[in-house]
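[1] Sequence first, predicted model second:
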Amino acid sequence: MRRVLVTGAGSGIGREVARAFAAAGDSVTVAGRRAEALAETDGGRGMVCRVVDVTREDDVAALFDAPFDVVVANAGGGRAARLADTSLEAWNATLAVNLTGVFLTFRAALAAGMGPGGRLIAMASTASLKGGAAIAAYAAAKHGVLGLVRSVALEVARRGITCNAVCPGYVDTPLTGQAVAGVQARLGLSEQAARERVVSGNPMGRLIAPAEVAAAVLFLASPGAAPVNGHALAISGGET
Ligand code: NAD
């Protein structure tokens with residue numbers, strides 16, 4: 001039975017990924033800031049729930065009392081703002097959770113002794129592959145995640161470990177709800193018009209389902225993905 005860690009697993013994509021690994025029979029640890037949300041993700045599936053802030057070095061290190069076979073650095077998020085309206089505080093907070101959190105998580109995973117067959121998977125974004133108006137801090141952080149992933153992939157390649165990134169377009173989660181609200185406020189649109197604008201970025205004309213992202217993560221964690229390394233897997237309906 002593989003030991004799997006999913007960060008930011010109290011909602012959205014992380015919740016779905018954690019449940020997919022549990023359904024596959026893996027031993028799953030879910031990590032995040034809110035104990036109740038983690039317990040809801042577990043919902044009696046036997047997951048281990050750990051309250052951590054992934055931007056805190058000590059919190060992250062404490063998660064790795066034993067090595068994990070699969071580590072999904074999923075915690076992330078951010079608020080849309082044009083560059084001129086982005087405070088240094090907001091910039092630093094966005095980089096802390098989306099980029100430094102992945103660095104701390106992967107570094108601790110390797111330091112704990114991840115062995116052959118190990119899988120490091122970062123939840124990146126189509127914002128890792130292209131820019132966008134009013135998301136400079138988020139896109140900079142997510143581009144940084146790809147630089148981290150591609151470099152770590154080369155460091156671990158000879159050890160039978162892989163390091164990859166999943167790059168979803170807009171997914172049907174609370175974070176996308178925030179993005180819709182941001183577009184609505186910035187452009188003075190109705191909720192429906194703002195949602196349509198967000199959805200229209202996907203050539204398939206729909207949001208990605210969290211389960212579709214989870215399926216990609218499970219693929220990268222599967223034995224068949226052993227030679228897939230340093231890859232950015234877009235789950236975006238052709239957006240990128
Ligand atoms: P979400 O807000 O539902 O989930 C993010 C989770 O991360 C939340 O549970 C939150 O509490 C947790 N988190 C945030 N900061 C944390 C911290 N410092 N320590 C620990 N946990 C923390 O959003 P989501 O859509 O499920 O996002 C999950 C990941 O997918 C994020 O990295 C996000 O950037 C990425 N992503 C989302 C979309 C989308 O459209 N929703 C698209 C591409 C990438």
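    Structure's in. What do you need?

[2] contacts and neighbour counts: CA atoms only from here.
    Noted.

[3] pLDDT score for residue 222?
    We have a pLDDT of 98 for residue 222.

[4] again with residue 129
    For residue 129, the predicted pLDDT is 98.

[5] Ok, residue 169 next?
    Residue 169 is given a pLDDT of 97.

[6] Could you check how far the closest residue to residue 238 other than its chain neighbours is from the ligand?
    Closest residue to residue 238 apart from its sequence neighbours, by CA to CA, 6 or more residues apart in numbering: residue 203 at 6.0 Å. Note on residue 203: its distance to the ligand, by CA to the nearest ligand atom, to the nearest Å, is 15 Å.

[7] Residue 203 touches residue 239, doesn't it?
    Yes: using CA atoms under 8 Å, residue 203 is in contact with residue 239, at 6.0 Å.

[8] between those two, who's got more neighbours?
    The residue with more neighbours, out of residue 203 and residue 239, is residue 239; 16 against 12, by other CA atoms under 10 Å.

[9] Return the distance of the more buried one relative to residue 43.
    34 Å (CA to CA, to the nearest Å).

[10] what does residue 71 give?
    Applying CA to CA to residue 71 and residue 43 gives a distance of 21 Å.

[11] higher neighbour count, those two?
    Shown here are residue 71 and residue 43; by other CA under 10 Å, residue 71 has more neighbours (25 against 11).

[12] Name whatever forms a beta bridge with that one.
    Here residue 71 sits in beta bridges with residue 5, residue 120, going by DSSP bridges.

[13] Show the pLDDT at it.
    So residue 71 comes in at 99 (pLDDT).

[14] what's near enough to touch it?
    Contact analysis of residue 71 by CA atoms under 8 Å, 6 or more residues apart in numbering lists 4, 5, 6, 106, 109, 119, 120, 121.

[15] Between all of the residues you listed, which two are separated the most?
    4 and 106 (13.0 Å; CA to CA).

[16] returning to what we had before: take the contacts of residue 71 and write them to CSV, including distance to residue 152, pLDDT and neighbour count.
    Converted to CSV, the contacts of residue 71 look like this (distance: CA to CA, whole Å; pLDDT from 0 to 100; neighbours: other CA atoms under 10 Å):
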residue, distance to residue 152, pLDDT, neighbour count
4, 19, 98, 23
5, 18, 99, 30
6, 19, 99, 24
106, 9, 99, 25
109, 12, 98, 26
119, 11, 98, 29
120, 9, 99, 30
121, 11, 99, 27
